[in-house]
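*Asks:* just coords:
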């Protein structure tokens with residue numbers, strides 16, 4: 001590349017070219033001056049990134065610091081698979097390599113994250129005086145390799161007053177943020 005992909009400055013002896021470590025595009029120093037950690041690509045120290053990538057990397061760093069532990073710990077849900085009429089109580093958690101959702105109860109299921117096509121947070125009502133609706137569950141659609149069509153999965157937070165309910169809601173919020181991050185990073 002002979003010009004900055006952001007401001008179109010021509011590269012020469014004074015205007016050096018730099019590569020964003022996230023997207024790989026060429027930029028001048030002014031357009032690629034932010035140094036941000038990039039954990040998902042195993043860079044331990046902060047690396048040079050363009051402004052757009054730096055924004056996403058900041059969001060990812062926040063996710064790693066705050067949400068990932070919640071997903072790895074898991075939570076208890078009533079799980080309804082496909083057209084089944086009877087939900088099963090299962091613990092849903094993210095695998096340690098962050099590639100699978102594990103569902104464990106009387107049955108065991110592993111859903112590969114890359115095969116999830118739809119993630120929809122299920123909510124209930126709005127509190128008096130305004131505010132956010134509370135998360136009650138999640139609807140997922142995914143494909144199973146070697147089969148046709150999509151499989152549906154519904155997670156419902158167990159209605160009880162103990163810690164399990166709070167943990168399930170925290171897990172739902174973390175999973176929703178993870179899906180949003182994945183969706184945003186696919187656009188880059």
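*Replies:* Thanks, I have the structure now. Predicted model only: the values in this text are computed from it and were never measured. Residues are numbered from 1 along each chain as shown.
*Asks:* drop to CA atoms for contacts and neighbour counts, all remaining ones
*Replies:* Will do.
*Asks:* how long is stretch 32-42 from one end to the other?
*Replies:* When the termini of stretch 32-42 are compared using CA to CA, to the nearest Å, they are 20 Å apart.
*Asks:* Same question for stretch 23-41.
*Replies:* End-to-end distance for stretch 23-41, by CA to CA: 11 Å.
*Asks:* now stretch 35-42
*Replies:* Across stretch 35-42, first to last residue, CA to CA, it's 15 Å.
*Asks:* Likewise for stretch 120-137?
*Replies:* By CA to CA, the extent of stretch 120-137 from end to end equals 9 Å.
*Asks:* what about it, average pLDDT?
*Replies:* Averaging pLDDT along stretch 120-137 yields 76.
*Asks:* And the strands in this protein?
*Replies:* Using DSSP state E, the strands of the chain run over 18-19, 26-27, 34-38, 43-49, 75-81, 88-94, 100-104, 108-112, 116-124, 134-142, 151-157.
*Asks:* Packed most tightly, which of the ones you listed would that be?
*Replies:* Of all the strands of the chain, strand 26-27 carries the top mean neighbour count, a mean of 25, counting by mean count of other CA atoms under 10 Å.
*Asks:* ok, and the closest non-adjacent residue to residue 74?
*Replies:* residue 93 (3.9 Å; CA to CA, 6 or more residues apart in numbering).
*Asks:* again with residue 46
*Replies:* residue 37 (3.9 Å).
*Asks:* So for stretch 52-66, mean pLDDT?
*Replies:* Here stretch 52-66 scores 86 as its mean pLDDT.
*Asks:* Going by neighbour count, list what's buried in it.
*Replies:* Buried residues in stretch 52-66, defined by neighbour count with 16 or more other CA atoms under 10 Å: 53-54, 56-57, 60-61, 63.
*Asks:* just the angle between the worst-scoring helix or strand of the chain on mean pLDDT and strand 116-124, please?
*Replies:* Each helix and strand of the chain was given a mean pLDDT (mean pLDDT, DSSP states H and E); the minimum falls on helix 163-186 at a mean of 82. If you take axes from the mean of the first three to the mean of the last three CA atoms, to 10 degrees, helix 163-186 sits at 140 degrees to strand 116-124.
*Asks:* Could you quantify the relative orientation of helix 163-186 and strand 88-94 as an angle?
*Replies:* On the basis of the same axes, to 10 degrees, helix 163-186 is oriented at 50 degrees to strand 88-94.
*Asks:* So which residues make contact with helix 163-186?
*Replies:* Helix 163-186 has contacts (CA atoms under 8 Å, 6 or more residues apart in numbering) with 56, 59-60, 63, 67-68, 70-71, 74-77, 119-121, 135-138, 157-159.
*Asks:* And stretch 88-100, by the same measure?
*Replies:* Residues from elsewhere that reach stretch 88-100 (CA under 8 Å, 6+ apart): 71-80, 101-106, 110-114.
*Asks:* next one: stretch 111-123
*Replies:* Applying CA under 8 Å, 6+ apart, the external contacts of stretch 111-123 come out as 99-102, 133-144, 172, 176, 179.
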